[in-house]
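In: I'll drop the sequence and a predicted model, then ask my questions.
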Amino acid sequence: FSRWSQFNLEHTKELMWLALKAPKAHAILYFLVDQMDEYNAVMCSYQVLQEVLDVSYATVARNLKLLRDKGFITILKSGNSNVYAINDSVYWKSWGDKKQYSKFPANVILALSEQDEEYRQICLADFEKDKLKSLTKK
């Protein structure tokens, strides 16, 4: 059940409202829920959200604010980074009796485009080697 999430049906109306009135916020919430660890937290940059969802910085900012204001997420700071803690009365990934342990540690999602050029070149070279290895192993 590593890909298992639970969802509280008491919040169905709020989630339907979100899906209809703020579909980008709904998509961001689904991304965060998909990426959160068993402690209901995930750390990623605006750049990651922009790239994954193909939206602008302003769209990410506006919709994260909406999710925070409506109580779907809490946004915590770690230096210059955001940690998103998903409201564990709506979604959680562990057993119900483990909800009191939500919020930390967190999965960290990085965008390759945010890394320095040298690191990107190394990663791309490794990717090409792995790709070539998998093609030649047949």
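Out: In hand now; what should we look at?
In: got the buried residues for whichever helix or strand residue 12 is part of?
Out: Per DSSP states H and E: residue 12 is located in helix 12-21. Burial within helix 12-21, assessed by neighbour count using 16 or more other CB atoms under 10 Å, is assigned to 15, 18. Every residue, glycine included, has its C-beta placed from N, CA and C.
In: which residues sit against it?
Out: 25-26, 29, 70, 72, 90 (CB atoms under 8 Å, 6 or more residues apart in numbering).
In: hmm, 6 Å instead?
Out: Outside helix 12-21, the residues that touch it by CB atoms under 6 Å, 6 or more residues apart in numbering are 25-26.
In: Number the chain from 19, please
Out: Let's use 19 as the start, then, which means that last one is helix 30-39.
In: Now do the helices in the protein.
Out: 30-39, 41-53, 64-71, 75-87, 135-154 (DSSP state H).
In: Those into a markdown table, with extra columns for distance to residue 22 and mean pLDDT?
Out: Listed next are the helices of the chain as a markdown table, based on distance: least, CB to CB, whole Å; pLDDT from 0 to 100:
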| stretch | distance to residue 22 | mean pLDDT |
| --- | --- | --- |
| helix 30-39 | 18 | 94 |
| helix 41-53 | 11 | 94 |
| helix 64-71 | 21 | 93 |
| helix 75-87 | 22 | 97 |
| helix 135-154 | 29 | 60 |
